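Trainee: model this:
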Amino acid sequence: MAEFIPMQLDRAKQFLRNHHHGVLATRRKNGDLQMSPVTCGLDSEGRAVISSRETAYKVNNLRRDGRAALCAFSKTFHGEGWVQVNGTAEIISLPEALESLVYLQRQAYGEHKSWPEFHDRMAREKRVIIRINIESFGPKVRG
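Mentor: This next block holds a predicted model:
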């Protein structure tokens with residue numbers, strides 16, 4: 001088992017900048033948790049970002065209750081660690097979301113082969129950015 005090192009905010013942000021697989025937890029109308037696999041990243045202002053669709057349940061959940069928890073992990077899942085960030089989410093719709101969608105695309109996947117095609121797809125899919133202000137993070141202790 002690897003040595004445990006408590007998470008620090010700068011390490012949590014660096015992890016989100018480099019690892020883009022995650023699970024987002026939101027609250028349904030009845031209070032139950034809903035978990036969704038997502039592609040995540042970190043914006044230039046240090047907030048966690050996720051691309052979604054305007055009509056997705058997670059977006060509707062966050063519009064009603066902005067509390068969000070995101071667990072990000074490496075492609076191999078085991079071995080490179082993981083981070084959980086919690087905070088209040090906001091939904092950014094198009095056209096305001098386009099710059100952040102491009103930023104996340106470049107961070108998670110690199111340059112797109114056709115930016116006009118990417119822009120058209122974002123509009124067609126009614127894409128939004130979920131932006132989470134990081135209020136807490138972990139793991140800080142090992143149980």
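
Trainee: can you show me the helices along this protein?
Mentor: In the chain, the helices defined using DSSP state H lie at 9-18, 57-64, 98-109, 115-124.

Trainee: what about stretch 54-64, average pLDDT?
Mentor: Averaged across stretch 54-64, pLDDT comes to 97.

Trainee: do the same with stretch 103-122
Mentor: 97.

Trainee: quick one: end-to-end distance for that stretch.
Mentor: By C-alpha to C-alpha, to the nearest Å, the extent of stretch 103-122 from end to end equals 13 Å.

Trainee: low-confidence stretches in the chain?
Mentor: 1-4, 77-79, 143 (pLDDT under 70).

Trainee: and the strands in it?
Mentor: Ranges of strands within the chain are 21-27, 33-42, 48-53, 67-73, 82-93, 127-138, based on DSSP state E.

Trainee: pretty sure residue 119 contacts residue 98?
Mentor: Yes: Residue 119 is in contact with residue 98 according to C-beta atoms under 8 Å; the separation is 6.8 Å. Any C-beta I mention is one placed from the backbone N, CA and C, and that applies to glycine too.

Trainee: please identify the deepest-packed of the strands of the chain.
Mentor: Highest mean neighbour count of the strands of the chain: strand 48-53, a mean of 22 (counted as mean count of other C-beta atoms under 10 Å).

Trainee: distance from the chain centre to that strand, please.
Mentor: From the chain centre to the centre of strand 48-53 is a distance of 5 Å (C-alpha atoms, centre = their mean, to the nearest Å).

Trainee: what is that strand packed up against?
Mentor: If contacts are counted by 3 or more C-beta pairs under 8 Å, 6 or more residues apart in numbering; DSSP states H and E, strand 48-53 sits against strand 33-42, helix 57-64, strand 67-73, helix 98-109, strand 127-138.

Trainee: including distance to residue 88, could the ones you listed go into TSV?
Mentor: Below are these laid out as TSV (distance: least, C-beta to C-beta, whole Å):
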stretch	distance to residue 88
strand 33-42	16
helix 57-64	9
strand 67-73	7
helix 98-109	17
strand 127-138	5
